[in-house]
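Undergrad: model this:
(chains A and B)
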Amino acid sequence: MKKATALFLAAVLTVSGVLALFGGTGFPVLSFGALSSGSFSAGIESFFSENLPGRDRLSQLAVRLLYLSGRREFDGIFIGADGSLLKNIEPPETDSTAGQAEAIGEFVSDHRAGACVMLIPTAVIIKQQEINSAAADRLYNQRHMISAVYAALSGKAVTVDVYQSLFAHRGEYIYYNTEENLTSLGGYYVYSEYASAMNLRVRPISDFNVAYAAHGFKGSLASGALGEYASGDFVAMYAYTQYEREYTVTHTAADGTRTVQQGLYDRQTVWSDPTDILLGGLAPVTEIETNGPYEEWLLVFGDETAKGWLPFLANHYAHITFVDLGAATDDMLAAIRVSDYQQVLFAYSADTFMKGAGLDRLTLLAE
Amino acid sequence: MQLYSLTFLYLFLPVSLALFLITPAKWRSAVLFWISIAFYGLSQPDQFLIFCTVLVFQYALSEGLRRTEGNLKLRKAIYVFGIMENAGMMILFSALNQITGRAIPLGTMVVAFTSLGYLVDVYKYDAEYETNFFRFGLFLGFFAKLYRGPLVRIDNLWKKPLSPAATPEQIGDGLVKFIRGLAKYVLLSVPIGKICADLKAANELTVVGAWMVMITFAMKIFFDLSGFCDMARGLGLCFGLELPKNFWFPFQSASVTEFFSRFNMTVTEFFHYYVYDNLKSEKPTPLQDAVNTSLVCMLAGVWFGIRMNFIVWGVYIAAFILLEKWFLGRYLERIPRFFTGIYTFCVTMLSMVIFSADSLGEMLRYFGAMFGFGANFSTAETAYDISGSVIPLIAGAILLTNFMSMLIHKLRRRSPSAGGAYDFVMSAVLLALCTAYLL
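TA: All right, here's what the predicted structure looks like:
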């Protein structure tokens, strides 16, 4: 029996290793530099982690066992009682939010632009009732961070509190179950708060027709073994019905390629991220032109959350330029003339804002 | 790459084992030495040169001693230098670790202590010199024992010659042991360590929380140490080296003295042999006994690193050993084992407060909370942290005792083939689970 055990175990180890080596991709290149820096060893480890035969089943097995054992948090993702996956956010080691607020303040004084700041809490804090109360007590206090940033920007920019509104609607489908983002409904509540703060006439939700797409999709949070514990998602597309409006969305990629799309939603393309149906996704620079009665231009610095609320804002501006400061090139930023815009909006999720959001690159913008 | 990584399991181990087995017997020690060097290079590339230098330097010291047999003064000078150099290496790296946070190079303590023992042995003519560089290198730096030992003496390691070993039976035994050790680390020590860290980070320290921090800390340490030692022993068997056992259900001990002799056994025996036995006199006074026992216990603490907590932990353990020797022992003998077990458990758990504390303030806070001073009994947060990993806790608690071991032993006695089948199935299951957790 000992011989059989030796043979079996040696065979399992060898055959699995050989299958991974010959069937897998991404084996790191051996070089002295890679070897001495440790990146070669790390590369082999991730190669085996990705290519080991049966890896998905084994990962699922591990998650199932941990779940059975009582665990509800996996690598910073909570499994909510309502079937949502809620990503925990941790503040960076050094608090840089004051620096971010300062960068916005300097931008406002340099460009004398009318600015508005909107920090959007993430799902984990708004839907904290879905996780164990003891775990919820330990969550990073996003509200406190948002208040501190708003206090630092007092007198320099209009600040929009969307926390209360989202919290009041926490039982509704305002965040995707398996993506770290607002749904269109969540986006509507955010838009409502922004419009109220900017004295724009808030369109009631009954003014919109809603269509649905991508039923039951599972997003990036469910890409691992957690998928089986999460409910599926869908994408809602809100279309303003009171007046005939035409929208042209132009995406400018980092290499300068421009693509033009008619309408706010693109259902024709097969998207790897179904939420890209909204606006056709966000490029480093995304522009929306609307043929409505409004003449004002809006410059938005933001992140992925914009897919939820930007379609609603399109009804209030003739031209909106959305800029992803982390993805836009220096030339793209230099080409933006801030003076062309009557309003500037900084809108980020609390998580993106804490991580910097690329706000240090604001200095690259032209007057 | 580490012993518990996928790279080691599915690439390094099969390749090195195959290489070892196809090598003619007379070159196996050289091949195994180079395998150890390659392992170190892949696991600790930034400390690779330090490790190689240390091995060469220790060999040079050994050769220095051997070649100055006729010159007693020079021989003594080399001996003293070697002792100081090894002690200095431990102090230096421990100090750097505490001041700069730089990790102690893998194997520093194992190599330094093993080398110290070797120098004493050969200087006193208690063991023969190892003149073969590869065998010497393996004695100090066999890759599997660099993590947590066990500590070996030169005459113990080479009891059985290297070449004829590594039979299929031995490899089978070795792989079973290795996987068992891997499971102890991956499936028990790591998750239990997470519970311990979560409990420590709780907003409020409660009575249950404080006790659970110490219990989970003790379990984490135990499964970490014994897991790595099992891995080392298993790999040793695969490569034809028989490494000694290092733990024997210490948490089932009936006294602190017994606990100390069953916990990290090779380290305790090492200090007993090299320190206690050398210092003891025919009729030691109680003071001499106290000093010698304290010294051995403190050194056993220093094994974990040169930190004040570890030294104080040694003194604490020594105090109970002496108390039992002089006074308590006679009463403990008359008390049922269940109650002496509780006494030992409480004393050792309280010792974990000293062992794990980051500061004196934290130590006092935990001692206070464990006895209910200024702490609530429990909170929802404590319950949440514990409930997060119930299975590893229950499995760990069972495996701290010899219950399973006895069952398997009985099974093997009744039916050796059933015992073999158990090893086969259990190893396959544990390997799958470890792989799943490592992904």
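
Undergrad: ok, and the closest non-adjacent residue to A:G114?
TA: Closest residue to A:G114 apart from its sequence neighbours, by Cβ to Cβ, 6 or more residues apart in numbering or on different chains: A:Q343 at 5.4 Å. From N, CA and C alone the C-beta is placed, and that goes for glycine too.

Undergrad: tell me the contacts of that neighbour?
TA: Counting by Cβ atoms under 8 Å, 6 or more residues apart in numbering or on different chains, A:Q343 touches A:A113, A:G114, A:A115, A:C116, A:M198, A:E296, A:W297, A:L298, A:L299, A:Y317.

Undergrad: so which residues of the stretch 251-367 of chain A form helices?
TA: A:306-313, A:330-334, A:350-354 (DSSP state H, counting those that start in this stretch).

Undergrad: check the model's average confidence along the first one for me.
TA: If I follow you right, that is helix A:306-313. On average, the pLDDT along helix A:306-313 is 93.

Undergrad: what's it packed up against?
TA: helix A:184-197, strand A:233-240, strand A:297-302, strand A:319-323 (3 or more Cβ pairs under 8 Å, 6 or more residues apart in numbering or on different chains; DSSP states H and E).

Undergrad: swap the cut-off to 10 Å and go again
TA: Under the contact definition 3 or more Cβ pairs under 10 Å, 6 or more residues apart in numbering or on different chains; DSSP states H and E, helix A:306-313 sits against strand A:115-120, helix A:184-197, strand A:233-240, strand A:247-252, strand A:285-290, strand A:297-302, strand A:319-323, strand A:343-349.

Undergrad: just want the angle from the shortest one to helix A:306-313.
TA: What it means is strand A:319-323. Here the directions of strand A:319-323 and helix A:306-313 differ by 170 degrees (axes from the mean of the first three to the mean of the last three Cα atoms, to 10 degrees).

Undergrad: strand A:319-323 pairs with which strands?
TA: Strand pairing for strand A:319-323, using DSSP bridges, gives strand A:285-290 (antiparallel), strand A:297-302 (parallel).

Undergrad: tell me the most buried of the ones you listed?
TA: Most buried of the strands paired with strand A:319-323, by mean neighbour count (mean count of other Cβ atoms under 10 Å in any protein chain shown): strand A:297-302, with a mean of 23.

Undergrad: export the helices of the stretch 251-367 of chain A to CSV and tack on distance to B:A254 and mean neighbour count?
TA: CSV is the format used below for those (distance: least, Cβ to Cβ, whole Å; neighbours: other Cβ atoms under 10 Å in any protein chain shown):
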stretch, distance to B:A254, mean neighbour count
helix A:306-313, 65, 26
helix A:330-334, 73, 14
helix A:350-354, 54, 23
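
Undergrad: A:P92 is nearest to which of those helices?
TA: Each of the helices of the stretch 251-367 of chain A has some distance to A:P92 by Cβ to Cβ; the shortest is helix A:350-354, at 6.1 Å.

Undergrad: and the residue of the stretch 51-200 of chain B found nearest chain A, helix, strand or coil?
TA: Scanning the stretch 51-200 of chain B for proximity to chain A using Cβ to the nearest Cβ identifies B:G172 as nearest, at 3.3 Å. When classified by DSSP: H, G, I helix; E, B strand; the rest coil, B:G172 comes out as helix.

Undergrad: for the stretch 201-350 of chain A, what lies in contact range of chain B?
TA: A:G224, A:A225 (Cβ under 10 Å from any Cβ of the partner chain).

Undergrad: what helix or strand does residue 18 sit in?
TA: Since you didn't name a chain, this refers to chain A. Per DSSP states H and E: A:V18 is located in helix A:2-23.

Undergrad: was after chain B, sorry
TA: Element membership of B:A18, judged by DSSP H and E, is helix B:13-22.

Undergrad: what packs against that helix?
TA: If you count contacts as 3+ Cβ pairs under 10 Å, 6+ apart, helix B:13-22 packs onto helix A:2-23, helix B:28-43, helix B:168-183, helix B:207-238.

Undergrad: name the next helix or strand downstream of the last one, please.
TA: Once helix B:207-238 ends, the next helix or strand along the chain (criterion: DSSP H and E) is helix B:256-262.

Undergrad: wouldn't B:A144 be in contact with B:L182 here?
TA: No: using Cβ atoms under 10 Å, B:A144 makes no contact with B:L182, being 11.4 Å away.

Undergrad: now for the two: what residues contact both?
TA: Listed as contacting both B:A144 and B:L182 by Cβ atoms under 10 Å, 6 or more residues apart in numbering or on different chains are B:L3, B:F228, B:M231, B:G234.

Undergrad: touching, the third one and B:P150? I think so.
TA: Same thing as B:M231. No: assessed by Cβ under 10 Å, B:M231 is found out of contact with B:P150, at 11.1 Å.

Undergrad: which of the three states applies to the closest residue in space to B:E63 that isn't next to it in sequence?
TA: With sequence-adjacent residues excluded and distances taken as Cβ to Cβ, 6+ apart, B:E63 is closest to B:T131, at 7.5 Å. Here B:T131 is recorded as coil under three-state DSSP.

Undergrad: contacts only, for B:T131.
TA: B:T131 makes contact with B:Y59, B:S62, B:E63, B:R66, according to Cβ under 10 Å, 6+ apart.

Undergrad: three-state assignment of B:Q288?
TA: Following three-state DSSP, B:Q288 is assigned to helix.

Undergrad: and the helix holding A:V18, does that touch chain B?
TA: Yes: judged by Cβ under 10 Å from any Cβ, helix A:2-23 comes into contact with chain B through A:2-21.

Undergrad: tell me the angle that helix makes with helix B:13-22.
TA: Using the same axes, to 10 degrees: helix A:2-23 against helix B:13-22 is 120 degrees.

Undergrad: neighbouring contacts of the helix or strand that helix A:2-23 is followed by?
TA: As assigned by DSSP H and E, the chain's next helix or strand after helix A:2-23 is helix A:32-37. Here helix A:32-37 makes contact (Cβ under 10 Å, 6+ apart) with A:28, A:31, A:39-43, B:41-42, B:45-46, B:48-49.
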